[in-house]
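# Let me see the structure of the following:
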Amino acid sequence: MKVSKPVKLFCIFIACSLGQCKKKEIYFLPVPDTGEPPAVDIAIKNFTAEGYKDKALNWTLQSDTSYINYTNSEVVMKKIVMTYYESPGESSLVTCDEALMNRLTNDMSLKGEVRVKSSNGRQLYSDILYWDSKKEELSTNVPVKIIYKDGEVITGRGLKANGSLSKIVIYQPVGIHTIKDEK
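Numbers count the residues shown, from 1 in each chain. Now for the predicted structure:
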């Protein structure tokens, strides 16, 4: 990467020694923006992680880039692909643009084109979704769209659901319609 010429700044400081003013030249080099959030301890490309419950694989997670902050126990992840295994034969694939995970609780805030596709054929679309790891529950208070395997579509605002989308509550349903299969 090519770095431009140093920026030359002149500052006048009052020197404590001898009570005289001294002119000093200070040089600042431009630092390229890495796109990392502030207070990052580790940045990892092609990040992967796994979570276990009762010695069984509970979830897998992949992200293009992850930024770990040990001080506040957070991981910021970009371009997420996560598989959640609720029980044998029931799983969900979760994708989103960005996520914030609490390393102590595994709770997550997902944002940006959040998609959940369940093995039972249900699909969830939203811009923001929260995952409560202890309750194993998805929730949001923004607009959502659920598409069922038979083509039924329910839209609304606010949702609570389990990870496999077999139990869904939409707080403010707005509309229900069916997508006809054109064969």
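
# From now on I want contacts and neighbour counts done on CA atoms only, so please keep to that.
Noted.

# all strands of this protein, in order?
For the chain, the strands defined by DSSP state E cover 7-14, 21-28, 42-53, 56-69, 74-87, 90-102, 108-118, 123-132, 137-147, 152-162, 168-178.

# Adding mean neighbour count and mean pLDDT as columns, could you present the ones you listed in JSON lines?
Shown next, in JSON lines, are the strands of the chain (neighbours: other C-alpha atoms under 10 Å; pLDDT from 0 to 100):
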{"stretch": "strand 7-14", "mean neighbour count": "11", "mean pLDDT": "35"}
{"stretch": "strand 21-28", "mean neighbour count": "11", "mean pLDDT": "54"}
{"stretch": "strand 42-53", "mean neighbour count": "13", "mean pLDDT": "89"}
{"stretch": "strand 56-69", "mean neighbour count": "18", "mean pLDDT": "92"}
{"stretch": "strand 74-87", "mean neighbour count": "20", "mean pLDDT": "92"}
{"stretch": "strand 90-102", "mean neighbour count": "20", "mean pLDDT": "94"}
{"stretch": "strand 108-118", "mean neighbour count": "20", "mean pLDDT": "96"}
{"stretch": "strand 123-132", "mean neighbour count": "20", "mean pLDDT": "96"}
{"stretch": "strand 137-147", "mean neighbour count": "20", "mean pLDDT": "95"}
{"stretch": "strand 152-162", "mean neighbour count": "18", "mean pLDDT": "93"}
{"stretch": "strand 168-178", "mean neighbour count": "14", "mean pLDDT": "84"}
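
# Assess the claim that Asn141 and Gly156 are in contact.
No. Counting by C-alpha atoms under 8 Å, Asn141 sits too far from Gly156 to count as a contact (9.6 Å).

# I'd like the distance between Val81 and Lys55.
22 Å (C-alpha to C-alpha, to the nearest Å).

# Next: Gln62.
20 Å.

# ok, the closest residue to Trp59 other than its chain neighbours - contacts?
Closest residue to Trp59 apart from its sequence neighbours, by C-alpha to C-alpha, 6 or more residues apart in numbering: Tyr84 at 4.4 Å. By C-alpha atoms under 8 Å, 6 or more residues apart in numbering, the contact set of Tyr84 is Asn58, Trp59, Thr60, Ser91, Ser92, Leu93, Val94, Gly163, Ser164.

# change it to 10 Å
50-51, 57-61, 90-94, 116, 118, 136, 163-164 (C-alpha atoms under 10 Å, 6 or more residues apart in numbering).

# Using PDB, write out every CA atom in stretch 64-82.
Provided in PDB are the C-alpha atoms of stretch 64-82 (Å, rounded to 0.1, in the frame of the first residue of the first chain):
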ATOM      1  CA  ASP A  64     -15.900 -13.700   6.700                       C
ATOM      2  CA  THR A  65     -14.300 -11.500   9.400                       C
ATOM      3  CA  SER A  66     -14.700 -11.400  13.200                       C
ATOM      4  CA  TYR A  67     -13.400  -8.800  15.700                       C
ATOM      5  CA  ILE A  68     -12.900 -10.000  19.200                       C
ATOM      6  CA  ASN A  69     -12.900  -7.600  22.200                       C
ATOM      7  CA  TYR A  70     -11.900  -9.400  25.400                       C
ATOM      8  CA  THR A  71     -12.600  -6.400  27.700                       C
ATOM      9  CA  ASN A  72     -16.400  -6.400  27.000                       C
ATOM     10  CA  SER A  73     -16.600 -10.000  25.900                       C
ATOM     11  CA  GLU A  74     -18.000  -9.200  22.500                       C
ATOM     12  CA  VAL A  75     -17.400 -10.500  19.000                       C
ATOM     13  CA  VAL A  76     -18.500  -8.400  16.000                       C
ATOM     14  CA  MET A  77     -18.900 -10.600  12.900                       C
ATOM     15  CA  LYS A  78     -19.400  -9.800   9.200                       C
ATOM     16  CA  LYS A  79     -21.200 -12.000   6.700                       C
ATOM     17  CA  ILE A  80     -22.600 -14.700   9.000                       C
ATOM     18  CA  VAL A  81     -23.700 -18.300   8.100                       C
ATOM     19  CA  MET A  82     -24.900 -20.200  11.200                       C
END
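
# Alright, calling it a day.
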